[in-house]
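**Student:** sequence and computational prediction follow.
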Amino acid sequence: MDLDLVAGPASEPVSVEEVKQHCRIDGSDEDSLIPLWIAAARQVVEVETSTILLPQQWQLRLDAWPSDPILIPLWPLRQVDSISYLDINGVSTTLSSSRYRVTSASGQVRLTPAYGVTWPVLRTDTAAVTILVTAGYANADAVPAACKQAILMLCSHLDQQRSVTAEGTNGYSLKEIPLGIRRILAPVTRKPYV
């Protein structure tokens with residue numbers, strides 16, 4: 001399975017003003033950097049928690065229909081936008097939403113054929129099936145507070161650590177992201193299942 005981002009979020013979970021307040025930044029000298037910190041911090045939080053924070057469209061590609069349910073590795077799933085496949089003649093065809101079922105439980109999203117339906121016959125080809133989905137919380141207000149706090153802490157870390165290395169006892173050593181962030185995120189972290 002290949003998974004690619006098609007369209008990122010239209011906004012971020014925290015604002016530039018919130019970061020400036022958290023980091024105690026006065027003035028506008030950092031205003032061009034702060035949006036980059038926020039986006040990078042959001043991506044770190046998404047990876048750490050296996051959760052998509054704001055609506056984003058993703059594309060999954062499969063070479064064939066699996067015999068088991070298709071696990072959508074994105075949470076929370078908002079909707080399956082479309083499923084298209086290459087038919088036996090190589091023509092891209094969109095599968096009607098009445099021909100499949102989307103179920104979610106315990107943080108897992110499964111895609112299966114509808115009752116009494118089988119997946120259509122495919123052309124033998126790479127990426128013969130394309131699934132477009134939208135995942136993420138509805139808006140910044142719906143994002144868990146722990147995720148927002150972790151983003152603010154990561155932005156503060158990026159403000160303080162302007163490079164990936166810092167002077168160590170024997171030359172240079174890699175500076176890591178603060179461990180406390182994982183503790184803050186622990187209550188909202190899901191175990192990936194793909």
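**Tutor:** Sure, I can see it. Quick caveat: nothing in here was measured; it's all calculated off a predicted structure.
**Student:** any buried residues in the strand ranked longest in the chain, and which?
**Tutor:** The residue-count maximum for a strand in the chain (DSSP state E) belongs to strand 77-86. The neighbour-count check on strand 77-86 (16 or more other Cβ atoms under 10 Å) flags L77, R78, V80, I83, Y85, L86 as buried. Every C-beta, even on glycine, is put in place using the N, C-alpha and C of the backbone.
**Student:** now find how far off-centre that strand is within its chain.
**Tutor:** 16 Å (Cα atoms, centre = their mean, to the nearest Å).
**Student:** from the contact counts, what lies against that strand?
**Tutor:** strand 92-94, strand 100-105, strand 108-113, strand 129-135 (3 or more Cβ pairs under 8 Å, 6 or more residues apart in numbering; DSSP states H and E).
**Student:** pLDDT on the longest one, on average?
**Tutor:** Model confidence over strand 129-135, given as mean pLDDT, is 97.
**Student:** give me the contact list for the helix or strand just after it.
**Tutor:** Next helix or strand after strand 129-135 toward the C-terminus (DSSP states H and E): helix 145-160. Residues outside helix 145-160 that contact it (Cβ atoms under 8 Å, 6 or more residues apart in numbering) are 12-14, 18-19, 22-23, 25, 30, 34, 37-38, 40-42, 44-45, 48-49, 51, 53, 140, 177-178, 180-181, 184-185, 187-188.
**Student:** so where is the protein shaky, pLDDT-wise?
**Tutor:** Scanning the chain for pLDDT under 70 picks out 162-179, 191-194.
**Student:** one more time with 90
**Tutor:** Within the chain, the stretches with pLDDT under 90 are 1, 27-31, 104-108, 157-194.
**Student:** any idea which residue is closest to the centre of it?
**Tutor:** I52 (3.7 Å; Cα atoms, centre = their mean).
**Student:** test my guess that that one contacts A135.
**Tutor:** Yes - using Cβ atoms under 8 Å, I52 is in contact with A135, at 4.2 Å.
**Student:** tell me the buried residues within the contacts of helix 145-160.
**Tutor:** The neighbour-count test (16+ other Cβ under 10 Å) marks 12-14, 18-19, 22-23, 25, 34, 37-38, 41-42, 44-45, 48-49, 51, 53, 140, 177-178, 181, 184-185, 188 as buried among the contacts of helix 145-160.
**Student:** domains of this protein?
**Tutor:** Per the record, the chain has its domains at 2-53+140-188, 57-75+83-133, by automatic domain parsing.
**Student:** distance of Q59 relative to A128?
**Tutor:** Counting by Cβ to Cβ, to the nearest Å, the separation of Q59 from A128 is 14 Å.
**Student:** no no, G116
**Tutor:** As for G116, its distance to A128 is 23 Å (criterion: Cβ to Cβ).
**Student:** so those two - more neighbours on which side?
**Tutor:** When neighbours are counted by other Cβ atoms under 10 Å, G116 and A128 differ, and A128 comes out ahead with 19 against 5.
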